[in-house]
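Participant: Predicted model follows, preceded by the sequence.
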Amino acid sequence: MATHPALQAAIDLSAGAAGGAACVFSGQPFDTAKVKMQTFPTMYRGFLDCFVSTYRQEGLRGLYRGTSPALLANVAENSVLFMSYGFCQHAVRFVSRQSGESELR
């Protein structure tokens, strides 16, 4: 059974938002350490030293510093990408006169 395009767009938008949030929450501590190493190149012996030092000095909150802007940007970007991809699939199916369940090749 084919899903209504508006409902599918909402599903794609939600999936993109969830994917963007998961990406930020899993990668933010590593990005924070990377930026600290770029900003203060002589302060740390390496990535692991930077990561552990940040955690010891500032805790988990220190590793997730700057999460809000990254979350906002990534959620917005992935939501639009997922929804646009779904719209493109719908348009290709419409133009090629395929049913909603058919696999695009």
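Facilitator: Arrived safely. Numbering: from 1, shown residues only.

Participant: can we go C-alpha only for contacts and neighbour counts from here?
Facilitator: Will do.

Participant: can you give me the offset of the helix ranked longest in the chain from its chain's centre?
Facilitator: Assignment by DSSP state H gives helix 5-39 as the longest helix of the chain. Its chain's C-alpha centre and that of helix 5-39 lie 2 Å apart, by CA atoms, centre = their mean, to the nearest Å.

Participant: Can you point out the buried residues in that helix?
Facilitator: Neighbour counts over helix 5-39 (16 or more other CA atoms under 10 Å) mark 8-9, 11-17, 19-21, 23-24, 28-34, 36-37 as buried.

Participant: likewise stretch 86-99?
Facilitator: 86-87, 90, 93.

Participant: and if you look at stretch 67-74?
Facilitator: The neighbour-count check on stretch 67-74 (16+ other CA under 10 Å) flags 67, 70-71, 74 as buried.

Participant: Any chance of those residues in TSV with distance to T54 and secondary structure as columns?
Facilitator: Compiled in TSV, these are given as follows (distance: CA to CA, whole Å; DSSP: H, G, I helix; E, B strand; the rest coil):
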residue	distance to T54	secondary structure
T67	15	helix
A70	19	helix
L71	21	helix
N74	24	helix
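
Participant: just those residues now: which is nearest L104?
Facilitator: Proximity of the buried residues of stretch 67-74 to L104 (CA to CA) peaks at N74, which lies at 27.4 Å.
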